[in-house]
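> this one's sequence-less:
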């Protein structure tokens with residue numbers, strides 16, 4: 001179905017913009033310099049992406065009340081994790097900026113440690129669990145509901161974009177322990193049990209391509225660095 005294939009591309013592009021590219025806006029917000037333009041635009045992330053998730057869900061299957069409720073639960077986890085990360089990350093960035101002064105020792109304080117916990121640990125754990133949960137939910141729905149025909153050129157482009165985004169957020173979020181096994185499982189299950197389903201289900205094909213791209217990127221990164229350092233740890237951002 002062409003419409004659903006195009007939705008995967010829209011989702012991949014918006015996911016890339018809001019979860020990866022907003023970092024280029026890490027400059028002071030003129031009307032409140034303690035926050036950045038990145039923080040301001042990041043407020044829109046769930047407002048933009050959750051409706052796209054919903055459209056993918058509804059374009060994939062005619063689900064009943066139980067599936068609708070499960071979608072809302074997973075969306076709530078996604079949004080809660082993002083909200084925790086958004087505010088804590090903004091404060092964390094401010095700490096980093098203030099800590100550049102040699103006379104300021106902020107990173108040894110309990111306030112910094114608590115901020116780091118909410119930003120890099122609790123916020124990421126909840127948010128990325130929501131991201132994987134939503135992906136697993138859409139894959140499950142697509143697996144059981146073939147809907148027509150996959151537009152392979154569109155889905156391949158969408159999968160390439162999303163595979164990179166997926167790889168990047170799990171590397172920088174220090175959660176390769178979740179992201180890599182999930183990607184590997186999607187690839188393996190799709191190849192072993194779902195090959196005949198891919199041409200008839202664009203959402204399943206999209207997540208298969210994205211997971212394959214992400215898995216290859218994880219493998220290359222891990223082999224090159226002999227581990228999975230963040231981009232910021234190796235001077236890329």
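That came in fine, so what should we check first? None of the values given here were measured: they were computed from a predicted structure. Residues are numbered from 1 along each chain as shown.

> immediately after the lowest-mean-pLDDT helix or strand in the chain, which helix or strand?
Lowest on mean pLDDT, DSSP states H and E among the helices and strands of the chain sits helix 110-116, with a mean of 88. Following helix 110-116 in sequence order, the next helix or strand is helix 124-143 (DSSP states H and E).

> which strands and helices sit next to that next one?
helix 45-60, helix 65-98, helix 152-172, helix 176-193, helix 202-225 (3 or more CB pairs under 8 Å, 6 or more residues apart in numbering; DSSP states H and E). No exception for glycine: its C-beta is placed from N, CA and C like everyone else's.

> how far away from the center of its chain is it?
The chain centre lies 10 Å from the centre of helix 124-143; the measure is CA atoms, centre = their mean, to the nearest Å.

> now do it: everything it contacts.
When contacts are defined by CB atoms under 8 Å, 6 or more residues apart in numbering, helix 124-143 is touched by residues 53, 56-57, 60-61, 63, 67, 70-71, 74-75, 77-82, 84-85, 169-170, 173-175, 178-179, 182, 186, 194, 197, 201-204, 207.

> just stretch 61-73 next, same as before
53, 54, 57, 134, 137, 141, 142, 144, 145, 147.

> in the chain, which ranges drop under the pLDDT threshold?
The model of the chain has pLDDT under 70 over residues 1, 101-104, 237.

> switch to 90 and redo it
Applying pLDDT under 90 to the chain picks out residues 1-3, 26, 33-34, 59-66, 91-112, 115-116, 119-120, 144-149, 232-237.

> between the helices and strands packed on helix 124-143, which one is nearest to residue 31?
helix 65-98 (14.7 Å; CB to CB).

> list the buried residues of that closest one.
70-71, 74-75, 77-79, 81-95 (16 or more other CB atoms under 10 Å).

> quick revisit: by contact count, what packs against the least confident helix or strand of the chain?
Counting by 3+ CB pairs under 8 Å, 6+ apart, helix 110-116 packs on helix 65-98.

> angle of the helix it packs on against helix 45-60?
Relative orientation of helix 65-98 and helix 45-60, computed by axes from the mean of the first three to the mean of the last three CA atoms, to 10 degrees: 150 degrees.

> hang on, the earlier thing: let's have the helices and strands packed on helix 124-143 in JSON lines, adding distance to residue 6.
Below are those laid out as JSON lines (distance: least, CB to CB, whole Å):
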{"stretch": "helix 45-60", "distance to residue 6": "10"}
{"stretch": "helix 65-98", "distance to residue 6": "21"}
{"stretch": "helix 152-172", "distance to residue 6": "6"}
{"stretch": "helix 176-193", "distance to residue 6": "21"}
{"stretch": "helix 202-225", "distance to residue 6": "9"}
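
> looking at those helices, which is closest to residue 108?
Counting by CB to CB, residue 108 lies closest to helix 65-98 out of the helices and strands packed on helix 124-143; the figure is 11.2 Å.

> who touches stretch 190-201?
60, 142-143, 145-150, 204-205, 207-208, 211.

> ok, 7 Å please
The contact list for stretch 190-201, computed with CB atoms under 7 Å, 6 or more residues apart in numbering, reads 142, 143, 146, 147, 148, 149, 150, 204, 205, 208.

> repeat that for stretch 228-237.
By CB under 7 Å, 6+ apart, stretch 228-237 touches 23, 171, 172, 174, 176, 221, 222, 225.
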